[in-house]
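J.: give me a 3D structure for the following:
(one chain, ligands or ions: 2)
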Amino acid sequence: MIFALIVAAGKGLRFGEEIPKQFLMCKNRPILYYTIKAFEDNKNIDQIIIVASPDYIDLVKSYINKYELRKVTKIVEGGSTRQLSVFNGLKAIKEISSKGDKVLIHDGARPLISQNIIEDNILALASHSFVCTVRSDADTTYLSKDQKSIDSILNREELFLAQTPQSFDFDEIYKLHFDAFKNNDINNTDDASLALKNNKKVFLVEGNKYNFKITKKEDFHLFELLI
Ligand code: CTP
Ligand code: MG
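T.: Ligands and ions are numbered 1, 2, ... in the order given. All right, here's what the predicted structure looks like:
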């Protein structure tokens, strides 16, 4: 079984609207709809689990019904950090998973995820237990320790920007989350960093620029232009 776990329990503080960014409307549909729809449309994804904050679970349910997103089997309460939200989703999957299952963990706020990226993640899972989508950047990248002047130029070939999906053998990532939670290590910003911390080899899959995360207003404007 291949699960998609979409985390959408954030508050969108940097975005700065009353309503969390993933529920903003664009072309009459919420951002989160576009994210879910990409996984709904992928023939290799069996089930989709959504994580949302308690205040928005009913809204998510109404969207699932309205837009007939049939692969969504569970809507789970989020936690106070992204990591805790992911862990809640993983716990819900644990109840229905069996050995060898895979999970693609994706940000609800990345609505322009392509079928190619989803496919490449699934393909990579055939031979790797830990997979992370990344993109390289064409711009020259500087290191500035005081954030005012340049100290050095970083080697562009060696630099990658993390995206999602980050995809895993289910049992492996569940164990890492379980142990991290037990140790009160709950602030890792993504799942690949948790894997890295545990000395796991994380295999890279190529993402693209469109798969950006809506974080600030300018990202939403870009999304509106692209959709
Ligand atoms: N997320 C989550 N639970 C949290 C925090 C984040 O499910 N406690 C989700 C967000 O909804 C988003 C993804 O993780 O889809 C990436 O997080 P981010 O872009 O940081 O979103 P927010 O935390 O909502 O934004 P901000 O950090 O600006 O408050
Ligand atoms: Mg955040």
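
J.: the residue most central in space within the chain: what's it in contact with?
T.: Centroid-nearest residue in the chain: His106, 2.2 Å away (criterion: C-alpha atoms, centre = their mean). Neighbour list for His106: 4-7, 35, 39, 113, 164-165 [criterion: C-beta atoms under 8 Å, 6 or more residues apart in numbering]. C-betas here are computed from N, CA, C, even on glycine.

J.: got it, and Thr81?
T.: By C-beta under 8 Å, 6+ apart, the neighbours of Thr81 are 186-187.

J.: returning to what we had before: of the contacts of His106, closest to Arg135?
T.: Nearest to Arg135 among the contacts of His106, counting by C-beta to C-beta, is Thr164 at 11.6 Å.

J.: show me what counts as buried in the helix or strand containing that closest one.
T.: In this assignment (DSSP states H and E), Thr164 forms part of strand 161-169. By 16 or more other C-beta atoms under 10 Å, the buried positions in strand 161-169 come out as 162-169.

J.: same check, this time on stretch 59-78
T.: Quick answer for stretch 59-78 (16+ other C-beta under 10 Å): 60, 63-64, 69, 71-72, 74-76, 78.

J.: among those, which are within reach of ligand 1?
T.: By C-beta under 6 Å from any ligand atom, the members of those lying near ligand 1 are Gly78.

J.: and the buried residues of stretch 59-78, which two are the farthest apart?
T.: Checking the buried residues of stretch 59-78 with C-beta to C-beta, the most distant pair is Lys71 and Gly78, at 19.8 Å.

J.: the closest residue to ligand 1 within the chain - how many residues pack around it?
T.: Closest residue of the chain to ligand 1, C-beta to the nearest ligand atom: Gly10 (2.0 Å). By the criterion of other C-beta atoms under 10 Å, Gly10 has 21 neighbours.

J.: okay, it: pLDDT?
T.: In the predicted model, Gly10 carries a pLDDT score of 98.

J.: the one 4 residues further on now?
T.: Looking at Arg14, its pLDDT reads 97.

J.: which pLDDT value belongs to the closest residue to Val202 other than its chain neighbours?
T.: Sequence neighbours aside, Phe130 is the residue nearest to Val202 in space, at 4.5 Å (criterion: C-beta to C-beta, 6 or more residues apart in numbering). Per-residue confidence (pLDDT) for Phe130: 98.

J.: who's Phe130 bridged to?
T.: Phe168 (DSSP bridges).

J.: that one contacts Leu204, correct?
T.: No: if you go by C-beta atoms under 8 Å, Phe130 and Leu204 don't touch, sitting 10.2 Å apart.

J.: strands of this protein, start to end?
T.: 2-8, 25-26, 29-30, 47-52, 72-77, 102-107, 130-135, 142-143, 152-153, 161-169, 203-206 (DSSP state E).

J.: how about these in JSON lines, adding distance to Ile93?
T.: Shown next, in JSON lines, are the strands of the chain (distance: least, C-beta to C-beta, whole Å):
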{"stretch": "strand 2-8", "distance to Ile93": "5"}
{"stretch": "strand 25-26", "distance to Ile93": "29"}
{"stretch": "strand 29-30", "distance to Ile93": "23"}
{"stretch": "strand 47-52", "distance to Ile93": "6"}
{"stretch": "strand 72-77", "distance to Ile93": "8"}
{"stretch": "strand 102-107", "distance to Ile93": "6"}
{"stretch": "strand 130-135", "distance to Ile93": "17"}
{"stretch": "strand 142-143", "distance to Ile93": "39"}
{"stretch": "strand 152-153", "distance to Ile93": "43"}
{"stretch": "strand 161-169", "distance to Ile93": "11"}
{"stretch": "strand 203-206", "distance to Ile93": "21"}
